[in-house]
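S.K.: Need a 3D model of the sequence below.
(one chain, ligands or ions: 1)
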Amino acid sequence: MTKELKPVARFLMGPGPSDVNPRVLKAMATPMIGHLDPQFIQIMDEVMEMTRQLFQTKNQVTSVISATGSAGMETCFVNLLEPGDTAIICVSGVFGNRMCDIVERCGAKLVRVDAKWGEPVDPVQVKKALESCQPKLVAIVHAETSTGVLQPLEEISKMVHDAGALFVVDTVTSLAGTQVKVDEWGIDAVYSGTQKCISAPPGLSPVSFSSKSLEAMDSRKTKVQSWYLDLSMIRKYWTGAKRAYHHTGPVSMIYSIHEALRIVHEEGLEARFARHKLNHEKLRDGLEEMGFEFIVAPGYRLPMLNAVKIPSGFDDATVRSRLLNEYNIEIGAGLGDFAGKVWRIGLMGESCTINHINMVLAALKQIMV
Ligand SMILES: Cc1ncc(COP(=O)(O)O)c(C=O)c1O
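M.R.: Sure thing, here's the model as predicted:
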């Protein structure tokens, strides 16, 4: 007989998922109701309103896609791009590369603007790319989880709009851990994930679309190539007067984000961002005292993801598996170009506490004597 699930509890200090508040887990055990039940429609409306507040937007079409952050990414591109369109993608790590892959699968022409890993994308390079073509959209990652870079957005947003294109932003890692001002920064399509600073389980992708991006979708000549992610149908379920069935809403997951967003707004956005910044500084001081070097220059570091070089003489996998098996602490390995060279220590949402910082520093000290 297969045994009941009993995984050892961990302290989640990697690139996500982060620790989940017991209130969120309890909300997931709320009795099942139908996904078209008027009570559930009310819960969806509350999730939409709390998501708007989190994205700092008035966009009516602000909801959650029933799958992880990559589905939010794919939703933006498959709905906005048609074969033959041009897209400029800013690439400074793994997730910019993932965007490029999706753009090509849409049959669109890809123009890349590359930055060195560990550095932000240079607005001058974006300007050059905008002068070389007439893109339908320009996309960029706000918090590049593979490198730990926080990308400034406002200057690039202005250039994109001056060129008449749509501005698409990945906020999977930044949302709920640092400012994401969708309206003020002129973002036309944005997506995120639940398992990082929102601190809900993985499985949903909050999204928001400006009226300009909805107009672009409404004037498509071809059908969206993905049935599941076709926003013209998903919109009717989330925001239509009649709430038409598209796919069965993931009821318990919606319960989870409902409670997680209540917790985010109880704390308050400004207080939450200040906590992430302060704790990042505490972790940075402790790591630097031990001789660790950060990958990213000070002005561009993510508060919720700290990418440091693995000191010479230490084996990546050995240290991480000792942290996991002896201390129940998970940290992230390097991805792509940084595999084997970098550790990524997350301070996201519920995992962003002084206790987590003290534990990881003490454990690293004991392992690396
Ligand atoms: C910046 C960024 N974008 C997109 C994704 C993809 O999200 P998911 O793994 O939830 O599909 C991630 C996941 O780590 C991410 O960090």
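S.K.: Now do the helices in the stretch 1-150 of the chain.
M.R.: 22-28, 38-55, 69-80, 94-105, 123-132 (DSSP state H, counting those that start in this stretch).
S.K.: So is the third one next to the ligand?
M.R.: Just to be clear, that refers to helix 69-80. Yes. Contact of helix 69-80 with the ligand (C-beta under 6 Å from any ligand atom) involves Gly69, Ser70, Met73. Glycine gets a C-beta too; all of them are placed from N, C-alpha and C.
S.K.: So which of those wins on neighbours?
M.R.: Gly69 (29 neighbours; other C-beta atoms under 10 Å).
S.K.: tell me the pLDDT at the nearest residue to Met99 once chain neighbours are set aside?
M.R.: If the residues on either side of it in the chain are set aside, Met99 comes closest to Ile89, at 4.9 Å by C-beta to C-beta, 6 or more residues apart in numbering. For Ile89, the model assigns a pLDDT of 99.
S.K.: what residues are up against Ile89?
M.R.: Gly96, Met99, Cys100, Val103, Leu110, Val111, Arg112, Val113, Val138, Ala139, Ile140 (C-beta atoms under 8 Å, 6 or more residues apart in numbering).
S.K.: Can you select the buried ones among the residues you listed for me in ChimeraX?
M.R.: Command for ChimeraX, covering only those of these found buried under the criterion 16 or more other C-beta atoms under 10 Å:
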select :96,99,100,103,110,111,112,113,138,139,140
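S.K.: Let me have the contacts of Ile89 in CSV, extended by pLDDT.
M.R.: Output for those, formatted as CSV (pLDDT from 0 to 100):
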residue, pLDDT
Gly96, 98
Met99, 98
Cys100, 98
Val103, 98
Leu110, 98
Val111, 98
Arg112, 98
Val113, 98
Val138, 99
Ala139, 99
Ile140, 99
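S.K.: what's the farthest-apart pair in the contacts of Ile89?
M.R.: Maximum pairwise distance in these, criterion C-beta to C-beta, is 14.0 Å, between Leu110 and Ile140.
S.K.: got the residues of the stretch 51-200 of the chain near the ligand?
M.R.: Contact residues, the stretch 51-200 of the chain versus the ligand (C-beta under 6 Å from any ligand atom): Thr68, Gly69, Ser70, Met73, Phe95, Val141, Ala143, Thr145, Asp170, Val172, Thr173, Gly193.
S.K.: how deep is the first one tucked in, by neighbour count?
M.R.: Meaning Thr68. Using other C-beta under 10 Å: Thr68 sits among 17 other residues.
S.K.: Can you check the pLDDT for it?
M.R.: Looking at Thr68, its pLDDT is 98.
S.K.: Now the element after the helix or strand of the chain with the lowest mean pLDDT, going C-ward?
M.R.: Of all helical and strand segments in the chain, the minimum by mean pLDDT, DSSP states H and E falls on helix 231-239, at a mean of 94. Next helix or strand after helix 231-239 toward the C-terminus (DSSP states H and E): helix 251-267.
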